[in-house]
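**Student:** Kindly generate the corresponding structure for this input.
(chains A and B)
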Amino acid sequence: MSQEIAILAEKVIAITHESGRGGGDILEDIASTDGDQTMIAVISELDIMSVAKILREFDATVPSIAAWLMDPETISKMLDVEPSYWQHEFEKSAFTAQYSVKSMLSQLFLTQMDDEERQSAILDAIIHSETGILYLSLPFIGLDFDTIDHTEEPVSGSDEELLLRIKSLNASIYEDILTTSKNGDFEEIEAILKAQANNIRIGDISNDTDDMFEPL
Amino acid sequence: MNLDKVRTRPFLLLTINDAVEDGLLTQAQISTIESNLVDMSLKIAKSFFSPIIGHDLKKSCSIVLGVTTLGLLKLSGGDTLKARKILLEDSVIICFRKGWESVDSLFKAHGGEADRGILLSNYQYSDNEHKDIASIHELLLSEQLNIKLLNEMARTFKNPLSDIDTYEKDEQSIKADVQLSVFETLMKRHSIAHKNYDDLKSLLLTYRDKPDVFVNEFSEATEAILTKCSAEVRLRIEGWLPSIEDDFHTVFKAIAFKNSGPDIYIRFFETMLGGNINPNTFMHAYEMLLEPEKRRHTSLKMQIDTETSYKNLESDVPHDADLSDYGDHTAIDY
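**Tutor:** Model prediction:
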C-alpha cells in the first residue's frame, strides 16, 4: 500500500467517525480527483465498521458511489456488521431495522441496474454468509405475498419492487426469502442479526468470563 | 488504606491498589484482572447496549465496575483484609457474579417486560467517585418491591364503588379501598346490603354512640381480612390500621343524622373514599334522595350525567357510522 492511500484512508476514517455521510462525500471527492481505482484502494484499507457506517447513510435515491465499486465479498461482510448500528438508532429516533435493511438493499439492487452480473454476484456473496438469508428476508416479514402482481410494473420504491428485482436476479434466492419471511419471527431474526454483528465487532473473548451472568 | 482515598474511589479499585502497593499482585495477575474486566465490559456492551458507540462502551465499563464492587462488598462484608484475600485467591469474575445476583433480583422484581439496559444503568460507578453502591441497590430493589406490593393490594381490594379503571391507584386510594373492605365486612356481619339505607344509618348511629362496640367489631373484622392476606400485605395493612380506625371515628362524628338514609349512605362512602367514587354505583342512592337533598348533591349528579351521556354516545353511534360530517367545522384557513 502506498503512503498516499494510507493517509487518505486515515482521513476517511477520522471523518466517518464524526459522520457517515461525511465519509461518503470524501470518498466521492477522492474518486473524482484521483480516480475510481484510488477510491477502491482506499476503501479496502477501511475497517468494515466504517464502511458500514458510510453506506447506511445512503439509499436508492442518493446512492453512494462506493457501493457501486466495492467487491461483492466486502459488501457481504459489511452487511454482517451493519446491524450493530441498530440499537443506537432505536434509542435516537423512530427507527426500524426493517427500514434500514430495505434502504441498504435498495441501494445495492435498485441502482446501477444495467450491471446484472455484478448484482447477481453480490446476491451470491450475501447468501454465502451464515445469516445472509435472514438479512435478505427481514424487510419482507409481514408482507402479503399473495397480492403481489408479477405481471405489472411495481411501484417505484415499494417493497414489491425490491423483491421482484431479487427474483429476476436469482429465482431460487427469491423462493428462500419467501419461505423465511413467511415463517420467521421478526424480533427473533432481528436479535440474531444484531447478536452476530456484535460478536464480529467484539471479536473473540477468552472463555474465562463465560459464566459471568450466572448469579453466584 | 488511606482515608482520603476511601472517599473517592470504588472499593474494588482501592483493594487492588492496596494489594499492588504491598507488592502482593504480580504483573501477570494484574493483567488477568484487567483483561477480565475488559472482557466483561465488552460482553455487557454487546448484550445490553451497542458495542460500536463510545458512550455505550464507557457505560458498560462503569456498570462492570459497579456490579463487581457490589459483589466484592457482599463477599467480604466490607472487610478490607477479606476483600484482599478474595482478590488474590479468587477472581474479579467471582465478585461480578456475586453482584450479578443482586442485579438479577432487581430484574426479577421488575418482570420480563422491563428494559434491562435501563435497570443496569443504575449500577454505573466511575473510578473517581464514591457512592454507596450497596445502598443504591437496596433502594432500587425495595422501591420496586413496594410498587409490586401496592399493585397486588390494589388488585386484592378492588371494589366497584371506587373502581375507575383509567388511572393507576396511589397508596392513599388503596388504603381507602382497604377501609371500604373493612366496612363492608361490618355490614355483612349485620346483614346489611348496599341498598338498605336506613339499616346502614342506624348502624352508623350505634357506632357513633358506642365506640367500644365499634372497636371490638372493627378488630374482629380486620383480623378476618388479615388472615386471608400474604405476610407482606398483612404487615402493610397493620401499619395502616390505627389511622383507618381514627378515620372511622372522625367520620361517624361528622355525619348529620337528621338526613335521610340515602343521603347518609352517599356522604359516608364519599368521605371514606376521599371523593374517588365510581358515580355509576351511586345512581340508585341518588334517585332515592328526598327532593331538597338532591339539590345538595349537584356534583354527584354532574358526575352521573357525564357518565350517562358518555354511555349514550357510545351506544348511539354504530361502530361503522360515517363521522365525516362532524369534522367539517374547522374555521382555520390554510
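**Student:** Look up how far residue B:218 lies from the spatially most central residue of chain A.
**Tutor:** With distances taken as Cα atoms, centre = their mean, residue A:79 lies nearest the centre of chain A, 3.6 Å away. Distance, residue A:79 to residue B:218, using Cβ to Cβ, to the nearest Å: 71 Å. Any C-beta I mention is one placed from the backbone N, CA and C, and that applies to glycine too.
**Student:** Output the contacting helices and strands for the helix or strand harbouring residue B:300.
**Tutor:** In this assignment (DSSP states H and E), residue B:300 forms part of helix B:298-316. Applying 3 or more Cβ pairs under 8 Å, 6 or more residues apart in numbering or on different chains; DSSP states H and E, one finds that helix B:298-316 makes contact with helix B:283-287.
**Student:** Could I get the CA-only coordinates of the helix it packs on as PDB?
**Tutor:** Provided in PDB are the C-alpha atoms of helix B:283-287 (Å, rounded to 0.1, in the frame of the first residue of the first chain):
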ATOM      1  CA  MET B 283     -77.000   6.200  40.800                       C
ATOM      2  CA  HIS B 284     -79.600   4.200  42.800                       C
ATOM      3  CA  ALA B 285     -78.900   6.000  46.100                       C
ATOM      4  CA  TYR B 286     -79.100   9.400  44.300                       C
ATOM      5  CA  GLU B 287     -82.600   8.500  42.900                       C
END
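**Student:** ok, residues contacting it?
**Tutor:** With Cβ atoms under 8 Å, 6 or more residues apart in numbering or on different chains as the test, helix B:283-287 has contacts from B:195, B:197, B:262, B:265-266, B:294, B:297, B:300-301, B:304.
**Student:** Between those, which sits nearest chain A?
**Tutor:** Nearest to chain A among the contacts of helix B:283-287 is residue B:304, at 42.1 Å by Cβ to the nearest Cβ.
**Student:** Excluding chain neighbours, what is closest to the closest one?
**Tutor:** Excluding its sequence neighbours, the residue lying closest to residue B:304 (Cβ to Cβ, 6 or more residues apart in numbering or on different chains) is residue B:279, at 4.7 Å.
**Student:** Let me see the contact set for that neighbour.
**Tutor:** Contacts for residue B:279 (Cβ under 8 Å, 6+ apart) come out as B:300, B:303-304, B:306-307.
**Student:** before we move on, what about residue B:108?
**Tutor:** By Cβ under 8 Å, 6+ apart, residue B:108 has no neighbours at all.
**Student:** Distance check, it against residue B:141.
**Tutor:** Between residue B:108 and residue B:141 the computed distance is 10 Å (Cβ to Cβ).
**Student:** For chain B, tell me whether the least confident helix or strand in chain A by mean pLDDT is touching it.
**Tutor:** In chain A, the helix or strand scored least confidently by mean pLDDT, DSSP states H and E is helix A:86-92, which has a mean of 83. Yes: applying Cβ under 8 Å from any Cβ of the partner chain, one finds helix A:86-92 in contact with chain B at A:86-88.
**Student:** Work out the gap between that helix and the centre of the chain.
**Tutor:** Relative to the chain's own centre, helix A:86-92 is displaced by 17 Å; criterion: Cα atoms, centre = their mean, to the nearest Å.
**Student:** cool, and stretch A:110-119?
**Tutor:** 16 Å.
**Student:** ok, back up a step: could the contacts of helix B:283-287 go into TSV alongside neighbour count?
**Tutor:** Shown next, in TSV, are those (neighbours: other Cβ atoms under 10 Å in any protein chain shown):
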residue	neighbour count
B:195	13
B:197	19
B:262	24
B:265	25
B:266	23
B:294	16
B:297	20
B:300	20
B:301	14
B:304	17
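**Student:** Mind telling me the two of those farthest from one another?
**Tutor:** B:195 and B:301 (19.0 Å; Cβ to Cβ).
**Student:** how much space is there between residue A:29 and residue B:8?
**Tutor:** For residue A:29, the distance to residue B:8 - Cβ to Cβ - is 49 Å.
**Student:** what do you get for residue B:53?
**Tutor:** From residue B:53 over to residue B:8 the distance is 28 Å, taken as Cβ to Cβ.
**Student:** what's the answer for residue A:15, then?
**Tutor:** Counting by Cβ to Cβ, the gap from residue A:15 to residue B:8 is 38 Å.
**Student:** And those two? Which one has more around it.
**Tutor:** The neighbour comparison of residue A:15 against residue B:8 (other Cβ atoms under 10 Å in any protein chain shown) goes to residue A:15, with 19 against 12.
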